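**Student:** give the three-dimensional model of this entry:
(2 chains)
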Amino acid sequence: GENVEQHPSTLSVQEGDSAVIKCTYSDSASNYFPWYKQELGKRPQLIIDIRSNVGEKKDQRIAVTLNKTAKHFSLHITETQPEDSAVYFCAANYNFNKFYFGSGTKLNVKP
Amino acid sequence: NAGVMQNPRHLVRRRGQEARLRCSPMKGHSHVYWYRQLPEEGLKFMVYLQKENIIDESGMPKERFSAEFPKEGPSILRIQQVVRGDSAAYFCATGQRNTEAFFGQGTRLTVV
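**Tutor:** Okay, here's the model as predicted:
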C-alpha cells in the first residue's frame, strides 16, 4: 500500500517568513494530493490540493508543488501570520479511494 | 465542512462498555472514511465504506471494532468492550467519486 512521509514534524518561523513542509509518497499510482490544516481541538480542513496532471498550484499565500518523478510534494506558505499556526497534514490518494495521511507538521508562527 | 455531522462530540465510557460513534455524510456523499487520532499524533486510517459495503478495513483492529454504512441513516463505528487505549478522537470524512474528502468535527472518546 501507499506510505506517506512528512517532514519536518515541527517547524517554527518568524511572522512574515516562509514555511515549507515536504511529503514523499511511495505509490506511483497516487494521483491526488490534498493538504489539511488542523487547529487545536478542531477538525482537519482542506486548504489546497493538487492532482497529478499539474505541477504547481497557488492560492494567495499558499502554494503546492508536485514532482511525480521523485514522488514528492510540498506545501509553501509565504508571509506567514500567527493564525497560520496549526498542524498541517499532507495526504496521497488514488482515484479518491483511501486517503493516506502524513504524520503531521506542527507549525508555530512567532509574532 | 458543516455538512459532515458527527455525534456525539464527546463520549465518556467505562471500561467494558460499548461506544457507538455516528457520522452523517454531506448530502450526495456515498464514501465514508473513519480515522483515529491519538493526542499529538496524526490521522490513522481505520476503514473505508461505501453505501452498504466495506471497501477497505485494513486499519481496523481485528477485535472489538466494527463499522457499517447502511442504505439509510448514518455510518456507525462501534467499539465493544472499550479499554483505556481506545481513548482518542475519531474523525469521519466523507466524499463522492472524484471529490475531496470533508471531515466531521470528530468524536472525542474518553474511557474511564
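
**Student:** any low-confidence regions in chain B?
**Tutor:** Scanning chain B for pLDDT under 70 picks out B:1-2, B:97-98.

**Student:** show me which residues of it are close to chain A?
**Tutor:** Residues of chain B found near chain A (Cβ under 8 Å from any Cβ of the partner chain) are B:1, B:31, B:33, B:35, B:41-45, B:48, B:55-56, B:58, B:91, B:93, B:95, B:97-106. Heads up, the C-betas are built off the backbone N, CA and C, glycines and all.

**Student:** so who does the spatially most central residue of chain B touch?
**Tutor:** Nearest residue to the geometric centre of chain B (Cα atoms, centre = their mean): residue B:34, 4.0 Å. Going by Cβ atoms under 8 Å, 6 or more residues apart in numbering or on different chains, residue B:34 touches B:23, B:45, B:46, B:47, B:48, B:49, B:67, B:75, B:77, B:90, B:91, B:92.

**Student:** dig out what it forms beta bridges with.
**Tutor:** Beta-bridge partners for residue B:34, by DSSP bridges, are residue B:47, residue B:92.

**Student:** against chain A, how distant is it?
**Tutor:** Counting by Cβ to the nearest Cβ, to the nearest Å, the gap from residue B:34 to chain A is 11 Å.

**Student:** what about the helices in chain A?
**Tutor:** Taking DSSP state H as the criterion, chain A contains no helices.

**Student:** spell out which residues of it are next to chain B.
**Tutor:** So chain A meets chain B at A:1, A:34, A:36, A:42-46, A:49, A:89, A:95-104 (Cβ under 8 Å from any Cβ).

**Student:** repeat that for 7 Å
**Tutor:** Applying Cβ under 7 Å from any Cβ of the partner chain, we find that chain A lies next to chain B at A:34, A:43-44, A:46, A:49, A:89, A:96-104.

**Student:** flag the least confident of those residues.
**Tutor:** Note: of the residues of chain A next to chain B, the lowest pLDDT belongs to residue A:96, at 64.

**Student:** in chain A, which spans are strands?
**Tutor:** Applying DSSP state E to chain A gives strands spanning A:4-7, A:10-14, A:19-25, A:32-38, A:45-51, A:56-59, A:62-67, A:72-77, A:86-92, A:100-101, A:105-110.

**Student:** now, which of the residues of chain A next to chain B sits nearest residue B:13?
**Tutor:** Closest approach to residue B:13 among the residues of chain A next to chain B (Cβ to Cβ): residue A:43, at 21.7 Å.

**Student:** what's the burial count for the closest one?
**Tutor:** Residue A:43 has 20 neighbours, counted by other Cβ atoms under 10 Å in any protein chain shown.

**Student:** from memory it sits against residue B:108, does it?
**Tutor:** No: with contact defined as Cβ atoms under 7 Å, residue A:43 does not count as touching residue B:108 (11.5 Å).

**Student:** so which of the contacts of residue B:34 wins on neighbours?
**Tutor:** In terms of neighbours by other Cβ under 10 Å, the contacts of residue B:34 top out with residue B:92 at 32 neighbours.

**Student:** go ahead and confirm that one touches residue B:105.
**Tutor:** No: using Cβ under 7 Å, residue B:92 makes no contact with residue B:105, being 9.7 Å away.
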